[in-house]
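# Kindly generate the corresponding structure for this input.
(one chain, ligands or ions: 1)
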Amino acid sequence: MPKILDGAAIAAAIKQEVAEEVRALAACGVRPGLAAVLVGSVAASEIYVRNKVQACAELGLSSDLIAPPDTVTTAEMLSLVAQLNARDDVDGILIQLPLPAQVDSKALLDAVDPAKDVDGFHPVNAGRLLAGRPGLVPCTPAGIIEILKRSHIPIAGQHAVVVGRSDIVGKPVAMLLLHQNATVTICHSKTRDLPAITRQADILVAAIGRPGFITPDMVKPGATLVDVGINRLTTREEFDRFFKGDAKREATFAKRGSVIVGDIDPKAFELSGAYTPVPGGVGLLTIAMLMANTVRAAKLRRGL
Ligand code: GUN
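Alright, predicted model coming up:
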């Protein structure tokens, strides 16, 4: 039987550690603060940001939710970022992505003070990660390493295959796995004979954004599967492809009109040695690591 890598339990443990750090900082008169910027009304982004703000309240961080309209210009956003950079009560700045098309996202991410870049998206922090220097690391990749380490999955010497080369997940997680001494292969949409490569993976990270893309024939039996995907299925046909006969999910589908599936076909999990479920896996670590990064930024900025 494969081991289920329980994101909820690991996220809870990390949050508890962060809350303890927040209490220790309070004794020195410091309260870490996050500014979350949510542009417009993308439903998924609203939920993510709400959860981030709620986590701040739970752990004792201060938070400020700033919600410009979806007609906001790049110049207005740059001015907002400059204000947040200058505010001493703001330790972390989070600009929820995606942004509306008229906003130059790259210019904006480049304008965030790297010391407050709790998403780890600034080129300075990306460079530090590449060079193996201390910096702020993107939350989802950092969470993946926490799951593997806290679940005692060996990384050093293992062949880790990352499918997906995004700046947010694929590239940074590949770098973190390399720093843990894995042998790392990054695959993407132009990779030839992908299944031949994924079948070599001791650790397979799927961050593609396509429902059930990794099928059982692409997995080495006993491998550790890390599923970063969050894909919503809304049609009966899609539902049946992955979950036909699954009574629990059938009930969710009837109630909500949709269910979530990752980038790994759930049938592939059965072959694995261990896997992160969707939901309940990697996704839960993203917010925990954002909290950890905000506290870290607060300490680093004050030389603590
Ligand atoms: N949109 C999807 N994932 C993320 C994330 O980790 N950070 C931000 N800021 N936006 C996102």
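# if I look at His188, how far off is Lys267?
His188 sits 24 Å away from Lys267, going by Cβ to Cβ, to the nearest Å. C-beta here means a position set from N, CA and C on the backbone, and glycine is covered the same way.
# got the residues of the chain near the ligand?
Within the chain, the positions near the ligand by Cβ under 6 Å from any ligand atom are Leu94, Ile95, Gln96, Leu97, Asp119, Cys139, Thr140, Ile168, Thr286.
# Need phi/psi at the first one.
The phi/psi pair for Leu94 (degrees, to the nearest 10) reads phi -120, psi 120.
# So for Ala107, what's the pLDDT?
Per-residue confidence (pLDDT) for Ala107: 98.
# centre of the chain versus the helix or strand encompassing it, how much separation?
In this structure, Ala107 sits in helix 105-111 according to DSSP states H and E. Distance of helix 105-111 from the chain centroid (Cα atoms, centre = their mean, to the nearest Å) equals 19 Å.
# Report the backbone C-alpha coordinates of it in CSV.
In CSV, the C-alpha atoms belonging to helix 105-111 read as follows (Å, rounded to 0.1, in the frame of the first residue of the first chain):
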residue,chain,number,x,y,z
SER,A,105,3.5,41.6,-14.2
LYS,A,106,7.2,41.3,-14.7
ALA,A,107,7.8,45.0,-14.1
LEU,A,108,5.8,44.7,-11.0
LEU,A,109,7.5,41.7,-9.5
ASP,A,110,10.8,43.3,-10.3
ALA,A,111,9.7,46.4,-8.3
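# can you pull the buried residues of that helix?
Going by neighbour count (16 or more other Cβ atoms under 10 Å), the buried part of helix 105-111 is Ser105, Leu108, Leu109, Asp110, Ala111.
# Pretty sure the last one sits against Ser79.
No: the pair Ala111 / Ser79 is not scored as a contact, 9.7 Å apart, by Cβ atoms under 8 Å.
# Pick the one among the residues of the chain next to the ligand closest to the ligand.
Nearest to the ligand among the residues of the chain next to the ligand: Leu97, at 3.7 Å, using Cβ to the nearest ligand atom.
# residues in contact with that closest one?
By Cβ atoms under 8 Å, 6 or more residues apart in numbering, Leu97 lies in contact with Ser45, Ser105, Ile168.
# For the closest residue in space to the last one that isn't next to it in sequence, what are phi and psi?
Excluding its sequence neighbours, the residue lying closest to Ile168 (Cβ to Cβ, 6 or more residues apart in numbering) is Pro138, at 6.0 Å. For Pro138, the backbone dihedrals are phi -50, psi 140 (criterion: degrees, to the nearest 10).
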